[in-house]
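K.L.:
Fold the following and give me the result.
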Amino acid sequence: MYTFVIILFLFVQIYKEVFALFTVGTVFASSYAMVAQRNSKLLLDEVLSMMEKTNEVSESLLNLVVNVCGEIAIAALAIVDNAGVKRVSSPSKKVVYEVTGSKDVKYVCLKDELYCNCPSFANNVILKGSHWLCKHLLAVNFASALNKETIENESNEYIERLLSF
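P.N.:
Numbering: from 1, shown residues only. Model (predicted):
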């Protein structure tokens with residue numbers, strides 16, 4: 001219950017900031033996008049925390065995630081359901097994620113750096129700035145929160161090959 005109050009509070013904060021930008025008349029697309037992305041990240045963090053506590057995705061959580069992240073949330077959960085997230089660690093403590101996409105193509109994600117080598121990340125996140133993450137990164141976060149990632153230990157050389165895309 002307490003977490004839902006926090007999420008509701010964050011939604012109110014988003015609308016207050018957006019309304020303030022519109023009222024002052026200084027709305028620029030980039031300013032709006034930055035506010036939305038920052039608040040979306042905060043909301044996602046709360047949702048992930050709730051997933052960790054319950055170890056499931058309830059209907060209300062699913063609705064929140066779709067509201068925050070859009071339709072990629074459904075695709076990300078499908079990747080998790082298909083065991084498509086592999087956490088790869090090396091002896092040097094480097095961690096990368098191999099995510100099998102919807103067409104059985106494997107992508108490399110760096111969770112903490114919010115990076116994926118998929119075309120959607122390059123186009124929508126880096127070039128256009130229309131999104132702040134792709135379905136593969138979202139799947140990594142979901143799998144981690146739900147404890148549904150496959151864990152493998154590999155050599156430092158293997159990790160270096162993955163990162164040499």
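
K.L.:
Could you pull out the helices in the chain for me?
P.N.:
2-24, 29-54, 59-69, 72-81, 119-120, 135-146, 156-162 (DSSP state H).

K.L.:
Where among those helices is average confidence lowest?
P.N.:
By mean pLDDT, the lowest-scoring of the helices of the chain turns out to be helix 2-24, with a mean of 52.

K.L.:
centroid residue for this structure?
P.N.:
What sits nearest the mean C-alpha location of the chain, by Cα atoms, centre = their mean, is L138, with 3.0 Å.

K.L.:
Let me see the contact set for that one.
P.N.:
Residues near L138 by Cβ atoms under 8 Å, 6 or more residues apart in numbering: 69, 72-73, 76. All C-beta spots, glycine's among them, are computed from the backbone N, C-alpha and C.

K.L.:
Go through those and name the one nearest V96.
P.N.:
Ranked by distance to V96 (Cβ to Cβ), the contacts of L138 are led by A76 at 17.6 Å.

K.L.:
roughly how far apart are that closest one and L44?
P.N.:
A76 sits 11 Å away from L44, going by Cβ to Cβ, to the nearest Å.
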